[in-house]
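S.K.: Provided below are the primary sequence and the corresponding predicted coordinates.
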2 protein chains.
Amino acid sequence: MTMSDRAYKRIATEEAFCPPEMFDIYRRIIANNEIDDPGFVSQWRYFLESDSERSVFVREALCDLGDKRIADMDAAGIDMAIIALTSAGIQPMPGEEAVEFAAYSNDRLAAAIKQHPTRFAGLTAVAPQDPTKAALEIERGHGMGLKGVIIHSHTQNKHMDDPSYYPIFEACQALDTPLYIHPNTPVKGMAEPLMERGLDGSIFGFAVETSAHVLKLIISGVFDEFPNLRVVVGHCGEAIPFWLYRLDHMHNAMVKANRYEGVKPLKKKISDYVRENLWITTSGMAWAPAIEFCQRVLGMDRVLYAMDYPYQYVPAEVGYTEAVNISPEEMKMLFQTNAERVFGLT
Amino acid sequence: MTMSDRAYKRIATEEAFCPPEMFDIYRRIIANNEIDDPGFVSQWRYFLESDSERSVFVREALCDLGDKRIADMDAAGIDMAIIALTSAGIQPMPGEEAVEFAAYSNDRLAAAIKQHPTRFAGLTAVAPQDPTKAALEIERGHGMGLKGVIIHSHTQNKHMDDPSYYPIFEACQALDTPLYIHPNTPVKGMAEPLMERGLDGSIFGFAVETSAHVLKLIISGVFDEFPNLRVVVGHCGEAIPFWLYRLDHMHNAMVKANRYEGVKPLKKKISDYVRENLWITTSGMAWAPAIEFCQRVLGMDRVLYAMDYPYQYVPAEVGYTEAVNISPEEMKMLFQTNAERVFGLT
């Protein structure tokens, strides 16, 4: 099916790239034991060193912001890709290097978008290591036409449920630009019990890490502080939609019992923040039952299509996603108009 | 609605009790720092010491195997309860004490069932600390008429994806008696990053711990070794059903890449084991969208009703569960006949 046969554009909203220099930095970080992050080390040792078909393809495709990527998009029937620096991004780097590399990477991405303005859009990568400079980079990226911000969950084992990170949320809210909280391998303690059976990565640990992080943000009151902050979460919301009923029930019980210093009353229910401040994408979840479930419990306007190129480049999955049992108007929301609205594409 | 108005019995399949002596043992374990399990310590310090309405009710109701429990069942319209020793059970105890207390607790439960054979059934608690003695206790419990086995996920930070635990699975398979893998607070490393925002307990950490444990069992090949082993998992399968598509895709990728020593080819897909070896209950998930999703992706015969008394004693939730959009025959499966078949009730 070509674009002209379809009543909608296919916009893929969680697509990854990587300047090749980042591979060298990762190699150095791993070789020198610069960070205490076993999930990162395991994942990137694999992607950098393995000669498996998948990792060879990922290495090559990540670094392309031109013809190869566009050919793969064409082959899969993707009209537009919202591209962001791949996980774990600049977050494993030392602070100053991270700030510099964020700017370098964002410049590279903005230049590629300028060359292919109808096929590419992009997100601003930032270094949460320095929240004030991250806020400045969010403004700079926005000025260059980037359409949101990406952060790959924890930064060297730290989550952002601490007021020191507020400059990042403040900048996103002020510019009304969405923050994509993308997975990372879990923080050190959580990764270790999962690694023996390979559960630290995208099969399971990614979702645990990211859903925990988003829930920590909600419970800490970030969305009471920044009520117009808009957050995007991939992989059908990292299973948060599945837990809405239980999250409300148990959060209410915890608050009533006053059991935790870090769990205080919020203005709204957890599910309210999920339905009002979160949007989710279908990256890696080309499965009608899960997509339809999320549409049912969050609303048709909260679910956006994503492919997760190059990690899950399976052209047939476009068809699996289009097997969802929704109206043509709703299909257009899923593939096109929700993304246009959330990311301010024109 | 009384039983006579209904075309089915309501059988609640994940209901908890506790001999009062276990509270004293837990107090001692916590006071003496006998185990390195921060989730357990946080949870039981709360339930043992808090004067919140919820914990006072839980303490009292856990210890009752008679009139109070039956009155609460009547008030909620529950005809029969499948009762098991509460989490974390005997698993935090030193080995010998655990083996002894398992037998003591199972005797207490079997005696209460004898007094109320139409209202109560029960599961055998075992001490995974000593798998051989656990296997013997499984046989003994089965001989006393108990209808399955309960294990509360990790035992002092150890999961059962190691052949040293095979005697437990072997005994369950040989007797064709189901193993209920009930939540526990997460293993040490996983609990700690969650505790600050109260996510270590039943709101989130329970599910992470239990789903990780079940996936580790599947990936380790336990169900290739014991193809007729039947496992029951609460809380709508701890979100495993939500992840079926992604689990298959990523497990296949991991096996192909030969990335992990502990991830070898299996005879079937992850989703096959979930659909063939697992049954799930609705404990704590009285929410039609999640229940209907699970019925859709696992099959109508895999989902069993549960209340989670006394932790979630909300009589109105029976009605929420009955709001699922299924036929009267399927409602009978959900509330009665699936439980009768899985637990061999007659």
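M.R.: Received it, and whenever you're ready, just let me know what you need. Numbers count the residues shown, from 1 in each chain, chains lettered A, B, ... in the order given.

S.K.: burial measure for A:Ile29, as a count.
M.R.: By the criterion of other Cβ atoms under 10 Å in any protein chain shown, A:Ile29 has 19 neighbours. C-beta coordinates here come from the backbone N, C-alpha and C atoms, glycine included.

S.K.: leaving out sequence neighbours, find the closest residue to it.
M.R.: Among residues not flanking A:Ile29 along the chain, A:Pro92 sits closest, at 5.6 Å (Cβ to Cβ, 6 or more residues apart in numbering or on different chains).

S.K.: give me the distance between the one you found and A:Phe101.
M.R.: Between A:Pro92 and A:Phe101 the computed distance is 11 Å (Cβ to Cβ, to the nearest Å).

S.K.: can I assume the residue nearest to A:Ile29 is in contact with A:Ile35?
M.R.: Yes - under the criterion of Cβ atoms under 8 Å, A:Pro92 makes contact with A:Ile35 at 5.4 Å.

S.K.: with neighbour numbers in mind, choose between these two.
M.R.: With neighbours defined as other Cβ under 10 Å, A:Pro92 and A:Ile35 compare such that A:Pro92 has more, 23 against 19.

S.K.: helix, strand, or coil at the more buried one?
M.R.: Secondary structure for A:Pro92, judged by DSSP: H, G, I helix; E, B strand; the rest coil, is coil.

S.K.: also A:Met190?
M.R.: Classification of A:Met190 using three-state DSSP returns helix.

S.K.: neighbours around it, how many?
M.R.: A:Met190 sits with 27 neighbouring residues when counted by other Cβ under 10 Å.

S.K.: just the pLDDT at it, thanks.
M.R.: The predicted local distance difference test score for A:Met190 is 96.

S.K.: what's near enough to touch it?
M.R.: For A:Met190, the contacting residues are A:Gly205, A:Val208, A:Glu209, A:Ala212, B:Gly189, B:Met190, B:Pro193, taking Cβ atoms under 8 Å, 6 or more residues apart in numbering or on different chains as the criterion.

S.K.: dihedrals phi and psi, the last one?
M.R.: Backbone dihedrals for B:Pro193, given as degrees, to the nearest 10, come out at phi -70, psi -20.

S.K.: so which of the contacts of A:Met190 wins on neighbours?
M.R.: Greatest neighbour count in the contacts of A:Met190, by other Cβ under 10 Å, goes to A:Val208: 30 neighbours.

S.K.: A:Val232 falls within a helix, correct?
M.R.: No - looking at A:Val232 with three-state DSSP, it is strand, so not inside a helix.

S.K.: can you tell me the closest non-neighbouring residue to it?
M.R.: The nearest residue in space to A:Val232 (Cβ to Cβ, 6+ apart) is A:Tyr180, at 4.4 Å.

S.K.: coming back round to it: got the phi and psi for the residue nearest to A:Ile29?
M.R.: Note on A:Pro92: its backbone torsions stand at phi -80, psi 0 [degrees, to the nearest 10].

S.K.: what does the stretch 101-250 of chain A have sitting close to chain B?
M.R.: Residues of the stretch 101-250 of chain A lying close to chain B by Cβ under 8 Å from any Cβ of the partner chain are A:157, A:159, A:161, A:187-199, A:201-204, A:207-208, A:211-212, A:215-216, A:219-220, A:235-236, A:239, A:242-247, A:249-250.

S.K.: give me the subset of these lying in helices.
M.R.: Filtering those for membership in helices, criterion DSSP state H, returns A:188-195, A:207-208, A:211-212, A:215-216, A:219-220, A:235-236, A:244-247, A:249-250.

S.K.: OK, contacts around the residue sitting furthest away from the middle of chain A?
M.R.: Note on chain A: the largest separation between a C-alpha and the mean C-alpha position, by Cα atoms, centre = their mean, falls on A:Ala257 (33.9 Å). A:Ala257 makes contact with B:Tyr46, B:Ser50, B:Ser52, B:Arg54, B:Ser55, according to Cβ under 8 Å, 6+ apart.

S.K.: about what we covered before: between A:Pro92 and A:Ile35, what contacts are shared?
M.R.: Listed as contacting both A:Pro92 and A:Ile35 by Cβ under 8 Å, 6+ apart are A:Ile29, A:Gln156.

S.K.: mind checking how far A:Ala288 is from chain B?
M.R.: In this view, A:Ala288 and chain B are 9 Å apart by Cβ to the nearest Cβ, to the nearest Å.

S.K.: correct me, but that residue touches A:Gly319?
M.R.: No - contact criterion Cβ under 8 Å: A:Ala288 and A:Gly319 do not qualify, at 10.6 Å.

S.K.: between the two, point out the one with more neighbours.
M.R.: Counting neighbours by other Cβ under 10 Å for A:Ala288 and for A:Gly319 shows that A:Ala288 has the greater number, 17 against 13.

S.K.: okay, that one: pLDDT?
M.R.: 98.

S.K.: same check on A:Ser52?
M.R.: Note for A:Ser52: predicted pLDDT of 89.

S.K.: low-scoring stretches of chain A, by residue?
M.R.: For chain A, residues meeting the criterion pLDDT under 70 lie at A:1-4.

S.K.: re earlier: ok, the contacts of A:Ala257 vs chain A, which is closest?
M.R.: For the contacts of A:Ala257, the minimum distance to chain A (Cβ to the nearest Cβ) is 3.8 Å, reached by B:Ser52.

S.K.: how many neighbours does the closest one have?
M.R.: If we define neighbours as other Cβ under 10 Å, then B:Ser52 has 17 of them.

S.K.: what's the closest non-adjacent residue to it?
M.R.: In space, and not counting its chain neighbours, B:Ser52 is closest to A:Ala257: 3.8 Å by Cβ to Cβ, 6+ apart.
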